[in-house]
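# need coordinates for the below:
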Amino acid sequence: MPPETLFDGYSCNVCGQFHPGQYVSMSCDSPDPYARLTDAEKNRAHLGTDDCVIDDEYYLRGVVELPITGVEEKFLWGVWARVWQRDYKEFTDHYDVSRREETIGPYKGRLCNNLPGYLPTTLNLRCSIQVQPVGTRPLFVLDEPEHPLAIEQREGITLKRAREIAALVHHKK
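You can find the predicted model right below:
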């Protein structure tokens with residue numbers, strides 16, 4: 001049998017089934033505070049593809065990259081971070097500006113998603129936000145070095161761990 005690739009799918013350690021498709025990129029559709037809003041409360045908020053505002057709280061969407069041992073690809077967590085209003089404004093003002101990564105940021109933020117498979121929670125972890133070129137979401141680098149997600153960001157994960165994370169996300173939905 002040929003070796004499994006990162007994009008064919010994976011054998012699930014939760015249900016035992018084969019789940020087709022890639023498993024090295026998992027994302028959160030919104031910050032957790034937005035997801036908790038009722039439909040009636042969502043009129044207080046704006047949710048875009050890369051930004052969110054709820055009342056006086058500001059969020060940016062970005063990526064936490066985890067190197068995968070033995071392969072070039074990285075496991076990507078698409079997550080949201082709460083940022084200061086001035087940083088949010090600067091980022092959104094430069095959203096389509098060429099070479100923005102050279103002129104704005106970095107910013108400080110707090111992760112706003114509780115990712116499955118991590119204890120303690122990833123909610124509210126401090127991070128640094130590195131602006132990337134236009135068309136690329138910001139890179140979030142965790143500032144709490146002892147947290148398991150920060151350790152994985154620094155040291156990498158195995159393909160087995162990538163499949164475990166994918167299974168947790170798949171079965172959470």
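# show me the helices in the protein, by range?
32-35, 85-93, 148-155, 159-172 (DSSP state H).
# model confidence over the longest one, on average?
With pLDDT averaged residue by residue, helix 159-172 scores 84.
# now do the strands in the chain.
For the chain, applying DSSP state E gives strands covering 9-11, 18-20, 25-27, 45-47, 51-54, 57-67, 74-83, 107-111, 126-130, 139-142.
# ok, residues contacting the fifth one?
Looking back up the chat, that one is strand 51-54. With C-beta atoms under 8 Å, 6 or more residues apart in numbering as the test, strand 51-54 has contacts from 30-31, 33-34, 37, 44-46, 58-61, 80, 88, 91-92. (C-beta placed from N, C-alpha, C; glycine too.)
# swap in 7 Å and give it another go.
30-31, 33-34, 44-46, 59-61, 80, 88, 92 (C-beta atoms under 7 Å, 6 or more residues apart in numbering).
# where are the low-confidence patches of the chain?
Within the chain, the segments meeting pLDDT under 70 span 1-7, 10, 12-13, 19-23, 173.
# ignoring the adjacent residues along the chain, who's closest to Gly46?
Slight slip there: residue 46 is His, not Gly. In this structure, His46 finds its nearest non-sequential neighbour in Val53, 4.7 Å apart by C-beta to C-beta, 6 or more residues apart in numbering.
# quick one: that neighbour from Pro33, how far?
Relative to Pro33, Val53 is positioned 11 Å away (C-beta to C-beta, to the nearest Å).
# kindly report the same for Ile151.
26 Å.
# who has more neighbours, the two?
Pro33 (18 against 15; other C-beta atoms under 10 Å).
# got a list of what the more buried one touches?
Contacts here follow C-beta under 7 Å, 6+ apart; on that basis Pro33 touches Ile54, Glu57, Cys112.
# recalculate using a threshold of 10 Å.
Residues near Pro33 by C-beta atoms under 10 Å, 6 or more residues apart in numbering: Ala45, Cys52, Ile54, Asp55, Glu57, Tyr59, Trp80, Arg82, Cys112, Asn113, Leu123.
# in this structure the first one contacts Leu37, no?
Going back to what we said before, that points to Ala45. Yes. Under the criterion of C-beta atoms under 10 Å, Ala45 makes contact with Leu37 at 6.2 Å.
# understood, closing this out.
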